[in-house]
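*Asks:* My questions concern the predicted model and sequence given below.
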Amino acid sequence: MIVFAAAVIIMTLFAGVFAPNDPYKTSATVIRTAPCADYPFGTDNLGRCVFSRVLYGGRTTIAATFFLVFVSFAIGTVIGMVCGYYGGIADRIFMRIADITLGFPQMVVAIAVAGILGAGMKGAMIALGITMWISFARLARSHTYSIKNEAYVKTVLFTGKSDFYIIMVHIFPNLMGPVLTNALTQIGTTMIGLSGLSFLGLGIIPPTAEWGSMISEARAYIQIAPWSVFYPAAATIITIIIFNYLGDVVMDYREAG
Amino acid sequence: MKEKTILNVKDLSAAYEDAEVLSSVNLSLKKGEMLCIVGESGSGKSTLLRTVCGDAQIKVKNGCVIYGDRDITKLKSCERQKVLGTKIGYIQQNPWGAFNPLRPYSIQFRETLKSHKKKYDAEKIAELFSILGLKDPESILKSRPYEMSGGMNQRIAIAASFILGPELLLCDEITSALDVTTASAVTDELLKLKKETEVTIVMVTHNIGIAANIADRIAIMYKGQIVECGERDKIINAPEHEYTKRLLADVPQLEY
Amino acid sequence: MEHLLEGKKINKTFVTKGKETTALSDVSFYLDEGEILGIVGESGSGKSTLLNVVSGLIKADSGELFYGEENYIGKGPAHTGKFLRMIFQDAKSSFDPRMTMEKSLLESRRGKQDRGELSELIKAVGLEEKLLSRKVSDMSGGQCQRMSIARALYSEVGILLCDEITSAVDVSSQKQVVELLKKLNESRKLSCIFVSHDIALVSMLCGRIMIMKDGRCVEEGETAAVISDPKNEYTKLLIESAKKQSF
């Protein structure tokens, strides 16, 4: 799984090297060509190479996903650790917010927020991030709480070390494992979210290549050029499966010790 | 009375999935005696009991356990239930482990008896309860396990296994989860019951002090083997094996 | 005479889900320098709560706590850590699973850290120096418990609070830990409060003993005197039961 994931990341990261054609170059002569040697995945309504667009689109999707997961991870973990460690009123307020957000399906909140913020990658990412950081915060909070009550943290309390020291040296490294596993499993969900928002026209603004928006555009002429829907859709599904599996593998590995 | 062997463990080796826990254990049990198996955690003493009970997780590698005239390690689970159900009783360490915590004892007693096709005999239960020092059996039977203390529950668990009239009772660390004072009361009551019913008891414990006070014979287990087995006085006063000597020397003794 | 550590009329009630449980009611105690005080009681007697209050991990509802002349009630472990250290029942979880023993030990001292002293200390608690580079997952419970004693010694405090520290280890390690405490008590004038449910163990180690039951101290005195001539009914029962386990 790690190999597959690495392959996907490298393929999209170096899209410029692997892509046979310019993903944005339109050509009136090759509109909706079936897959052939020049255009491995065929071309779309404007004669753009679908294979190149899938690679470049992957770069957009994966880069945005990683960035979003990383930012949510950072914000969520810090807030979760602070809440779990200190408890008190801030913790209670946080838990209420978390409970309220959990009441809505993530996608519904995202669509609403993205609708308010308007189309664009920034809007889509904020819309998804608003619910995602909470899952990290909840996880970090519960682990912080249990680590805080471990004898080794109690022992360190007697040395008069600062709270910051205890959180950074003892709590953070010990909750990294479960939180990172969560980050891996979140990658798949986030990709679905981003592609979904783009598909609905709430994410990326065309002509920037992105899987969701590619599917959305090509949907109109699916009967004439099915490949221009099929390949971005297949790319989305395969990538999501790979990253979800990766999360499972890591989780199993951690459980096995 | 002629001494009759009730249980015979011959050259028994058993393992969990990967780790061998018992290696060539030999043990025979005479009718009506009280045998204590003493060992530290990981010595295999509980595994030995569970093998006799037929725990599905334990794979018997070699040897056999003869009860009556049958090798009970080779029984199918339905046959095992017939043989073991009423004849061999098992009491575990966790006092709440034997019961559903939310249902009244009386219902659970009834169900157990019904599944073994026996009649619910309130008088017999009351008699057992009185020997075990449980006052007011009526109200106890109406209450639920989660309302009871560990000591009370363990007594009721003992009563529950005696109600089936077992020949052999296997006790796995039954006093370890209890406070010292409760533990000694429970063991005293168990001994009283034993006298009344002439049941054979195998008691597994990590506390050689308990064994020294209640056992007829003591078996010392270490790393999956029985290193020494014999009459109580001999084990306590003249141990032969190095491990037994160390164990006896290291157990704290009340100094006064 | 001034006591090293003294507690006066300590009260503590826990409230969980609206239910009040009295863990300590009017408990007083003292510890003199170079003394090992044993506290015996069954589960729920409040002995661990008392230790947690003395260490500052739990705040008492009322009462006074003195270290010498200083009343430190209400102060947390960051303050009490200057003169006492606590050792916990579960030795394995008292070490950060990601840290080596050496790091854990060094961390425990305030101020200047000196690696040189460590090797000497390790030998003093009967362990080998090579264990210092290990992590907790590669050590036995008994080794960990001796290591946590070494850690407390390295922090240069004079008082150890031991909470059931031998309950989770096998009898041989238990004996080694007790002998070690005895030795340290003699050689380093270490003062110690030793909490245990095992009165036999306490009788071997402690000069003075305190019996707790339901959040109260029911009897207190010289160990030999209490055991040979108990006054309280519960103490009598406890000793009677313990005698049934000796040989």
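*Replies:* That came through, no problem. Numbering: from 1, shown residues only, chains lettered A, B, ... in the order given.
*Asks:* my guess is A:M121 contacts A:I204, does it?
*Replies:* Yes: using Cβ atoms under 8 Å as the test, A:M121 is close enough to A:I204 to be in contact (5.4 Å). In short, each C-beta sits where N, CA and C put it, glycine included.
*Asks:* more neighbours, the two?
*Replies:* Under the criterion of other Cβ atoms under 10 Å in any protein chain shown, the comparison of A:M121 against A:I204 puts A:I204 first, with 26 against 20.
*Asks:* Tell me how many other residues crowd B:K142.
*Replies:* Around B:K142 there are 12 residues (other Cβ under 10 Å).
*Asks:* Could you do A:L197 as well?
*Replies:* For A:L197, which is what you asked about, the neighbour count (other Cβ under 10 Å) is 28.
*Asks:* hang on, A:A64 is in a helix, isn't it?
*Replies:* Yes: counting by DSSP: H, G, I helix; E, B strand; the rest coil, A:A64 is part of a helix.
*Asks:* how close does it get to A:F18?
*Replies:* Computed with Cβ to Cβ, to the nearest Å, the distance linking A:A64 and A:F18 is 20 Å.
*Asks:* And the helices in chain B, which stretches?
*Replies:* With helices called from DSSP state H, chain B shows them at B:45-53, B:77-87, B:105-115, B:122-131, B:137-142, B:150-162, B:180-197, B:208-214, B:232-237, B:242-250.
*Asks:* For the longest one, enumerate the helices and strands it packs against.
*Replies:* Of the remaining helices and strands, those touching helix B:180-197 by 3 or more Cβ pairs under 8 Å, 6 or more residues apart in numbering or on different chains; DSSP states H and E are helix B:122-131, helix B:150-162, helix B:208-214, helix C:233-243.
*Asks:* if I read this right, B:L247 contacts B:V38, doesn't it?
*Replies:* Yes: look at B:L247 against B:V38 with Cβ under 8 Å: they come within range, at 7.4 Å.
*Asks:* show me the residues around residue 15 that make contact.
*Replies:* Unless you meant another one, I'm taking chain A. Neighbour list for A:A15: A:P23, A:S52, A:L55, A:Y56, A:G58, A:R59 [criterion: Cβ atoms under 8 Å, 6 or more residues apart in numbering or on different chains].
*Asks:* was after chain C, sorry
*Replies:* Contacts of C:V15 were listed using Cβ under 8 Å, 6+ apart, and they are C:T21.
*Asks:* List the pairing partners of the helix or strand it falls within within its sheet, with orientation.
*Replies:* C:V15 belongs to strand C:5-16 when elements are defined using DSSP states H and E. Each strand that strand C:5-16 pairs with, and the sense of that pairing, follows from DSSP bridges: strand C:19-31 (antiparallel), strand C:62-67 (antiparallel).
*Asks:* Adding distance to B:R70, mean neighbour count and mean pLDDT, write the ones you listed out as CSV.
*Replies:* Supplementary listing: the strands paired with strand C:5-16 in CSV, determined by distance: least, Cβ to Cβ, whole Å; neighbours: other Cβ atoms under 10 Å in any protein chain shown; pLDDT from 0 to 100:
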stretch, distance to B:R70, mean neighbour count, mean pLDDT
strand C:19-31, 52, 17, 89
strand C:62-67, 65, 18, 90
